[in-house]
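K.L.:
Fold the following for me, if possible:
(3 chains)
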Amino acid sequence: MRIQRISVETPAHSCFVEITAKVQTIVHQSEIEDGIALIFVPHTTAGITLNENADPNVVRDMLTDLDRIAPDDQPYYRHFEGNSASHLKTSFVGNNLVIFIEGGNIVLGRWQGIYLCEFDGPRTRRVQIKIIPDME
Amino acid sequence: MRIQRISVETPAHSCFVEITAKVQTIVHQSEIEDGIALIFVPHTTAGITLNENADPNVVRDMLTDLDRIAPDDQPYYRHFEGNSASHLKTSFVGNNLVIFIEGGNIVLGRWQGIYLCEFDGPRTRRVQIKIIPDME
Amino acid sequence: MRIQRISVETPAHSCFVEITAKVQTIVHQSEIEDGIALIFVPHTTAGITLNENADPNVVRDMLTDLDRIAPDDQPYYRHFEGNSASHLKTSFVGNNLVIFIEGGNIVLGRWQGIYLCEFDGPRTRRVQIKIIPDME
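P.N.:
The predicted structure is shown next:
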């Protein structure tokens, strides 16, 4: 199917914005019963990951960890924008997800949510979704 | 094809459990000659990766590195379960793999094994596998 | 379609080598208008990622960060080759990418390039690419 494109507003410099419902809506609109949804983030300082969406402190702690592991403004940075840590964090979480579709719904674990990972916001980010139905 | 589900017992708090043979068995049972096998881990404190399966000290050293980079029980953690480092490690390795199938076999590099990455065990973990045959 | 295989020469111990043009060429040769290109690196000390290809200092800063976060030759390493940090970095960036194809071209963000990530070079590395056309 054609690539679907959605926009996501990110409210802070570093934050995870849950997009599970938006992905589910696109899958429902496709009327595909079984297949896969491929998700791609076309940015170099924002990525995508799956993680817990029950206690928001999990994401908060992960962001604190990431800032400790890759702090901004290292003295050795040469990139003129000074945001190389944001690029590194993006490569750590990655730009792709493959989500299964079964019976018309996305298949996630009980605690999993789909998060756009913003590392250089606030901004308007784009997410691309391509649905591939099973052949049977 | 339908999603296949397997169970994996993890013996320790942090460990990599090789599941290459289990994935190969499912591919053989599918009788697909050429295509892809998509692997998904529906957990938020366990992920999946490819890495060396010749010398078990590689995995051991990687686990030691991960505990150094993201130690448990940071004083700034607010998540009530205290296992935010396990969540972060999961997003580092990710929950997805795409494996090629050629001539009925999975195509891995000489030293590559498929590992379920446990970061909050021991537990019984689930792995989902979806095989997509080539159209030709 | 059949798996395509390309070779990439890496000039240093740690470096990112851009392969965007090579992937685009394979997509053009396939004459596929719409679909996906799956990329797989069959190594355990080299991976693949997307990141900025405008200012080469971004990649340089990322490599410096990675060496700070996972330095070689930790005193606790037991792997006889001493390159466990190279294995860890590979699992951090991963071995897979899923790239969309639209109108015969790969769909990347404005600043994104596809990089083979060498963490134990210089070497000749292999990259596998499998193109799956849309069914319509």
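
K.L.:
can you list the residues that contact the biggest helix by length in chain A?
P.N.:
Ranked by residue count, the top helix of chain A under DSSP state H comes out as helix A:56-69. With contact meaning C-beta atoms under 8 Å, 6 or more residues apart in numbering or on different chains, helix A:56-69 is reached by A:14-16, A:51-52, A:89, A:92, A:115, A:119, B:44, B:69-70, B:74, B:76-80, B:84-85, B:87-88, B:91, C:69. In short, each C-beta sits where N, CA and C put it, glycine included.

K.L.:
can you give me the mean pLDDT across that helix?
P.N.:
Averaging pLDDT along helix A:56-69 gives 98.

K.L.:
and that helix, which residues are buried?
P.N.:
A:57-66, A:69 (16 or more other C-beta atoms under 10 Å in any protein chain shown).

K.L.:
go on, stretch A:18-32?
P.N.:
A:18-20, A:22-24, A:26-27, A:30, A:32.

K.L.:
Nearest to chain C among those residues?
P.N.:
Taking C-beta to the nearest C-beta as the measure, chain C lies nearest A:Ile32 of the buried residues of stretch A:18-32, at 11.7 Å.

K.L.:
isn't the closest one right next to A:Gly103, touching?
P.N.:
No. Counting by C-beta atoms under 8 Å, A:Ile32 does not reach A:Gly103; the two are 10.3 Å apart.

K.L.:
Give me the below-cutoff pLDDT ranges for chain A.
P.N.:
Along chain A, segments meeting pLDDT under 70 span A:136.

K.L.:
Contact residues of it facing chain C?
P.N.:
Residues of chain A lying close to chain C by C-beta under 8 Å from any C-beta of the partner chain are A:1-3, A:38, A:40-44, A:69-70, A:74, A:76-81, A:84-85, A:87-88, A:90-92, A:94-96, A:98, A:126, A:128, A:130, A:132-133, A:135.

K.L.:
List the residues that contact the residue nearest to the spatial centre of chain A.
P.N.:
Nearest to the geometric centre of chain A sits A:Ile48, at 2.3 Å (C-alpha atoms, centre = their mean). Listed by C-beta under 8 Å, 6+ apart, the contact set of A:Ile48 reads A:39, A:41, A:93-97, A:114-117, A:127.

K.L.:
swap in A:Asp34?
P.N.:
A:101-103, A:133-134, A:136, B:2.

K.L.:
Quick one, which of those are buried?
P.N.:
A:Ile101.

K.L.:
got the contacts of A:Asp34 as CSV, with secondary structure columns?
P.N.:
Supplementary listing: those in CSV, determined by DSSP: H, G, I helix; E, B strand; the rest coil:
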residue, secondary structure
A:Ile101, strand
A:Glu102, strand
A:Gly103, coil
A:Pro133, strand
A:Asp134, coil
A:Glu136, coil
B:Arg2, coil
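
K.L.:
Could you check how far the residue of chain A found nearest chain C is from C:Ile99?
P.N.:
Using C-beta to the nearest C-beta, A:Pro42 is the residue of chain A that sits closest to chain C, at 3.0 Å. A:Pro42 sits 10 Å away from C:Ile99, going by C-beta to C-beta, to the nearest Å.

K.L.:
Name the residues contacting each of these two.
P.N.:
C:107-108.

K.L.:
higher neighbour count, those two?
P.N.:
In this view A:Pro42 and C:Ile99 are compared by other C-beta atoms under 10 Å in any protein chain shown, and C:Ile99 has more residues nearby, 25 against 19.

K.L.:
partner residues bridging A:Ile39?
P.N.:
A:Leu97, A:Ile129 (DSSP bridges).

K.L.:
Could you give the number of residues near it?
P.N.:
Around A:Ile39 there are 22 residues (other C-beta under 10 Å).

K.L.:
so how far is C:Phe40 from it?
P.N.:
In terms of C-beta to C-beta, A:Ile39 sits 18 Å off from C:Phe40.

K.L.:
anything in the helix or strand where A:Ile26 lies near chain B?
P.N.:
Using DSSP states H and E, the element containing A:Ile26 is helix A:20-30. No. Counting by C-beta under 8 Å from any C-beta, chain B has no neighbours in helix A:20-30; the shortest distance is 12.9 Å.

K.L.:
thought A:Gly121 was touching A:Thr10?
P.N.:
Yes. Counting by C-beta under 8 Å, A:Thr10 is a contact partner of A:Gly121 at 3.9 Å.

K.L.:
Can you get me the start-to-end distance on stretch A:98-106?
P.N.:
With C-alpha to C-alpha, to the nearest Å as the measure, stretch A:98-106 spans 10 Å from end to end.

K.L.:
contacting residues around that stretch?
P.N.:
A:20, A:23-24, A:27-28, A:31-39, A:107-108, A:114, A:131, B:2-3, B:38, B:40, B:96, B:98, B:128, B:130, C:98.

K.L.:
gap between it and the chain center?
P.N.:
Relative to the chain's own centre, stretch A:98-106 is displaced by 17 Å; criterion: C-alpha atoms, centre = their mean, to the nearest Å.

K.L.:
do stretch A:57-67 as well
P.N.:
With C-alpha atoms, centre = their mean as the basis, stretch A:57-67 stands 15 Å off its chain's centre.

K.L.:
do the same with stretch A:11-25
P.N.:
7 Å.

K.L.:
what about that stretch, how long is it end to end?
P.N.:
One end of stretch A:11-25 sits 22 Å from the other (C-alpha to C-alpha).

K.L.:
residues making contact with that stretch?
P.N.:
A:6, A:8-10, A:37, A:39, A:49, A:51, A:53, A:59, A:62-63, A:66-67, A:99, A:105-106, A:108, A:113-122, A:127, A:129.

K.L.:
Looking at those, which are in helices?
P.N.:
Short answer: the contacts of stretch A:11-25 in helices (DSSP H) are A:59, A:62-63, A:66-67.
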